[in-house]
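Trainee: Below: sequence and its predicted model.
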Amino acid sequence: MSSGLELRSVSHSFGGTDVLHDVSLTVPPSGCVALLGASGSGKSTVLRIIAGLDRPSAGQVLVDGDDMGAVHVEQRGMALVFQNALLFPHLNVIDNVAFPARMAGQRRAEARRHAMEYLELVQLADYAHRPVGKLSGGQEQRVALARALARNPRILLLDEPFASLDVQLREDMYDLIQNIRAQLAPTIVVVTHDRQEASILADSIAVLDEGRILQHGTVHQLHYEPATQMVNRLLGGLNAVPGHVSGGKHHSVLGQLPVQDTATDGPAFLIVRQEALRLIPPREAGSPTLKGSVSGITSLGARTLVRVSFTSGDPNPEPNPLAGKDPRVADLSSPDLSGPDGYGNGLTATLTVDVAGNPHLLLGQVVGVGLQEGRAWAVQA
Ligand SMILES: Nc1ncnc2c1ncn2[C@@H]1O[C@H](COP(=O)(O)OP(=O)(O)OP(=O)(O)O)[C@@H](O)[C@H]1O
């Protein structure tokens, strides 16, 4: 049966250097949480502390409410899978998977029968008697997963398990993890620096930066309601426009945009996801109030990123012809640039817009930008 995991104010230092600060995290039974962060942010250290491989300098790890402090690694009921599969080279595939059961004293035939069930789960039953030296990288990781699952762990810990696989193999592994979750429902903590991987695999993501959890939330919250500019950046957000919040609106070169009720007054960045922005085609835009000009075009294949630069200071703004007509498009072009905001004197801002297909734009071309309603978000500067 799956277990719930809780980290309570865990801190850790190596030789006097603090690497984790007051990390608290809850993973419900059968839940999957991704720890997302840049290299060196402390992800692996959190995982090692959960597994019992390192003792935290302070704080507690609890499983189903029980403090693991005095519980030995082997008794914690956890299984770890690393980026490197770490298979036993002298054993074939099935005996690698059967190894933990053999160590626990199970008879060979029984341990192998049990191992075979897990090899079937990871679709490697046909490879049971193959030497592990003759496996591909993806197959090695499948064997490592089967070996971890065969221990029937209370918690499965995955440390960048697919980082060394190519894109296609990685996608196959994501399907496999979904399948394992559907069939066995283990509680999972997966460490990754890949935001897409975190979004695909996990129910929620905890963003770690310099040993601190900046935010733990759903994939949606982290993308559209980031707690800080750093979270926005780590989740791939490309737009952060400086300005300030007052009276529930963000004031910047882009004008005044209503943001979340909870935003506090003061200096703040306006965060808008590139996917929540829409280019208003030049022929429809006519004379958009907020004239933006294309300053960069980057092809992503099926999609294109378009950078649009805006300059404040137009004393006679004209109305955006689309404002109010398209319910999906908020009026991003009603700037009060003559107001007392201090953003009216030739300052510029750029927004990056994620566009499906090739928009056939030219650098310098004037375009309008629409924002999906309710998608403007402010974070304190
Ligand atoms: N055994 C150790 N002794 C000293 N410092 C360590 C040790 N292990 C990790 N560190 C330091 O602790 C910090 C966090 O390391 P950790 O490996 O947890 O980060 P990470 O986010 O998993 O990084 P990566 O993605 O590169 O694996 C880093 O500054 C690292 O240099």
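Mentor: Okay, I see it.

Trainee: Any buried residues in stretch 129-145, and which?
Mentor: Neighbour counts over stretch 129-145 (16 or more other CB atoms under 10 Å) mark V132, L135, G138, Q139, E140, Q141, R142, V143, A144, L145 as buried. The C-beta positions use only the backbone N, C-alpha and C, and glycine is treated the same way.

Trainee: Need the CA coordinates for that stretch. CSV is fine.
Mentor: What follows is stretch 129-145 as a C-alpha-only set of coordinates in CSV (Å, rounded to 0.1, in the frame of the first residue of the first chain):
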residue,chain,number,x,y,z
HIS,A,129,17.8,-14.1,-19.5
ARG,A,130,19.9,-11.5,-21.3
PRO,A,131,23.1,-10.3,-19.8
VAL,A,132,22.6,-6.7,-18.7
GLY,A,133,25.7,-5.7,-20.7
LYS,A,134,23.6,-6.3,-23.9
LEU,A,135,20.9,-3.8,-23.0
SER,A,136,20.3,-0.3,-24.5
GLY,A,137,20.2,2.7,-22.1
GLY,A,138,16.4,2.7,-22.1
GLN,A,139,16.2,-1.0,-21.4
GLU,A,140,18.7,-0.6,-18.5
GLN,A,141,16.4,2.1,-17.0
ARG,A,142,13.4,-0.2,-17.3
VAL,A,143,15.3,-3.0,-15.5
ALA,A,144,16.3,-0.5,-12.8
LEU,A,145,12.6,0.5,-12.4
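
Trainee: follow-up on the earlier one: okay, the buried residues of stretch 129-145 in a markdown table with secondary structure, pLDDT and distance to A356 next?
Mentor: Below are the buried residues of stretch 129-145 laid out as a markdown table (DSSP: H, G, I helix; E, B strand; the rest coil; pLDDT from 0 to 100; distance: CB to CB, whole Å):
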| residue | secondary structure | pLDDT | distance to A356 |
| --- | --- | --- | --- |
| V132 | helix | 93 | 44 |
| L135 | coil | 91 | 39 |
| G138 | helix | 88 | 31 |
| Q139 | helix | 91 | 36 |
| E140 | helix | 92 | 38 |
| Q141 | helix | 91 | 33 |
| R142 | helix | 91 | 35 |
| V143 | helix | 94 | 40 |
| A144 | helix | 94 | 38 |
| L145 | helix | 92 | 35 |
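
Trainee: any idea which of those residues is closest to P161?
Mentor: P161 lies nearest to Q141 out of the buried residues of stretch 129-145, by CB to CB, at 6.0 Å.

Trainee: How about the contacts made by the closest residue to that closest one other than its chain neighbours?
Mentor: Nearest residue to Q141, sequence neighbours excluded (CB to CB, 6 or more residues apart in numbering): A85, at 5.4 Å. Neighbouring residues of A85 by CB atoms under 8 Å, 6 or more residues apart in numbering: G137, E140, Q141, V143, A144.

Trainee: Surely the third one and F162 touch.
Mentor: Which is Q141. Yes - Q141 is within contact range of F162, at 6.6 Å (criterion: CB atoms under 8 Å).

Trainee: Common neighbours of those two, please.
Mentor: By CB under 8 Å, 6+ apart, the residues touching both Q141 and F162 are M173.

Trainee: can you pull the contacts of S295?
Mentor: Residues in contact with S295 (CB under 8 Å, 6+ apart) are R307, V308, S309, T350, L363, G364.

Trainee: Can you tell me the element it falls in?
Mentor: In the assignment (DSSP states H and E), S295 maps to strand 292-299.

Trainee: and H250, bridged to which residues?
Mentor: Beta-bridge pairing of H250 under DSSP bridges involves V245, L257.

Trainee: so what's the most centrally placed residue in the chain up against?
Mentor: By CA atoms, centre = their mean, the chain has its centre lying nearest to R195, at 3.4 Å. By CB under 8 Å, 6+ apart, the contact set of R195 is L36, I205, L234, L235, G236.

Trainee: Great, nothing more from me.
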